[in-house]
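Trainee: give the three-dimensional model of this entry:
(chains A, B, C and D)
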There are 2 protein chains.
Amino acid sequence: MNIENAQVQMRKGILEFCILHIISRGEVYASDMLDELTSARIMVVEGTLYPLLTRLKNAGLLDYKWVESTSGPPRKYYILTALGRTSLNALDETWKELAESVNLIVSKTDQHRAAVNGKHETLDMNRPGSHRDESGLSPTEQ
Amino acid sequence: MNIENAQVQMRKGILEFCILHIISRGEVYASDMLDELTSARIMVVEGTLYPLLTRLKNAGLLDYKWVESTSGPPRKYYILTALGRTSLNALDETWKELAESVNLIVSKTDQHRAAVNGKHETLDMNRPGSHRDESGLSPTEQ
DNA sequence: ATAAAGTACCTTGCATAACAAAGTACCTTA
DNA sequence: TAAGGTACTTTGTTATGCAAGGTACTTTAT
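Mentor: Residues are numbered from 1 along each chain as shown, chains lettered A, B, ... in the order given. A predicted model of the protein is given here:
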């Protein structure tokens, strides 16, 4: 597991949420979505997007209609179903909570760093040279 | 695919980031991490955490030492390696960018909703598919 | 006509990972 | 020595991102 892998992982699960958002703004087809995601610097490829759309369709969150194109084959234009809109609202909430949770954890680290840098205390940060709980304090809390 | 599934998905990939953060603040063992994650309302179970720790260890981001406990079997106390600290910094950046990207997409939807509710006009969307909407109404709102 | 190039959607196969559930091992207490 | 608690591990299932290759329709060039 390298860093790139972790970065890829971090983006997973967000895609579905972003797709629903984009579709919620009006009828779009796959290339529209790819453009929008790319401009938000969320990289997705066809092999990811098409199966995702199919899953969402089968789950009843999306519907689509075929539309003729003036410059190529017909396109599938997607829209949200009523269930899709409900789901999107729920995911909005989930995203907020998740971002809050992560920021809570990050800010705790920031606090910890500030505390460690502020004192000349370097007990816990670096080395396992320290010992066991005779100190009485868990390394995690306080 | 139901909503719960989507919520689970959304949390994926964030775990590794949160774990690294928690360990960065000092030596901890698995139960400490579970407590911290639970208090941040990020639910994780052993079957997820232990393999994750093993992966991070094998990737060279973590190290651990066995420590006797006064109330049970010995514990594995984890710390970040130098590589782990570097990686955490990179993931901090990744998280910031990801949150920014998602919030950009969400805010675009908000703008769209405001525009639709404010006017009775729904044709001005930037999408290239607009040539087809004789219907004139976005399927999302109203 | 036919070939080539562009656009759009679909499928297959692989690797990874979250999770449930069951298992192993150690320690304390009754 | 039995029971219960704590901690770490493993196995099997399922889901999913993605690369790569495929089908099909359309326009443009030869």
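Trainee: show the contacting residues for A:Leu62.
Mentor: For A:Leu62, the contact set (Cβ atoms under 8 Å, 6 or more residues apart in numbering or on different chains) comprises A:Ile23, A:Leu53, A:Leu56, A:Tyr78, A:Ile79, A:Leu80, A:Thr81, A:Gly84. C-beta here means a position set from N, CA and C on the backbone, and glycine is covered the same way.
Trainee: same for DNA strand C: which of these are within range?
Mentor: A:Leu53 (Cβ under 7 Å from any atom of the strand).
Trainee: most neighbours among the contacts of A:Leu62, which one is it?
Mentor: Among those, the one with the most neighbours (other Cβ atoms under 10 Å in any protein chain shown) is A:Ile23, at 29 neighbours.
Trainee: whichever strand or helix holds it and chain B, are they touching?
Mentor: Assessed by DSSP states H and E, A:Ile23 sits inside helix A:14-24. Yes. Helix A:14-24 comes into contact with chain B (Cβ under 8 Å from any Cβ of the partner chain), by way of A:Ile14, A:Glu16, A:Phe17, A:Cys18, A:His21, A:Ile22, A:Ile23, A:Ser24.
Trainee: pull out the buried residues from those residues.
Mentor: Buried by 16 or more other Cβ atoms under 10 Å in any protein chain shown: A:Ile14, A:Glu16, A:Phe17, A:Cys18, A:His21, A:Ile22, A:Ile23, A:Ser24, out of those.
Trainee: ok, the fifth one touching B:Ile105?
Mentor: Yes. A contact is recorded between A:His21 and B:Ile105 when judged using Cβ atoms under 8 Å, the distance being 5.1 Å.
Trainee: overlap between the buried ones among the residues of helix A:14-24 next to chain B and the residues near DNA strand D?
Mentor: Okay, of those touching DNA strand D (Cβ under 7 Å from any atom of the strand), that's A:Glu16.
Trainee: quick one: the closest residue to A:Ala90 other than its chain neighbours from DNA strand D, how far?
Mentor: Of all residues not flanking A:Ala90 in the chain, B:Ile3 sits nearest, at 5.2 Å (Cβ to Cβ, 6 or more residues apart in numbering or on different chains). Distance, B:Ile3 to DNA strand D, by Cβ to the nearest atom of the strand, to the nearest Å: 11 Å.
Trainee: ditto for A:Glu46
Mentor: Counting by Cβ to the nearest atom of the strand - A:Glu46 and DNA strand D are separated by 6 Å.
Trainee: what about that residue, how many residues close to it?
Mentor: Using other Cβ under 10 Å, A:Glu46 has 10 other residues around it.
Trainee: need the helices for chain A, in chain order.
Mentor: A:3-11, A:14-24, A:30-39, A:46-58, A:82-118 (DSSP state H).
Trainee: which residues of chain A lie near DNA strand D?
Mentor: Residues of chain A found near DNA strand D (Cβ under 7 Å from any atom of the strand) are A:8, A:11-13, A:15-16, A:43-48, A:51-52, A:55, A:69-74.
Trainee: phi, psi for A:Ile42 please.
Mentor: phi -110, psi 110 (degrees, to the nearest 10).
Trainee: per-residue pLDDT, the residue lying closest to it once chain neighbours are set aside?
Mentor: Once flanking residues are discounted, A:Ile42 sits nearest to B:Ser101: 5.2 Å by Cβ to Cβ, 6+ apart. Per-residue pLDDT puts B:Ser101 at 95.
Trainee: I'd like to know which of the buried ones among the residues of helix A:14-24 next to chain B is nearest to DNA strand D.
Mentor: A:Glu16 (6.1 Å; Cβ to the nearest atom of the strand).
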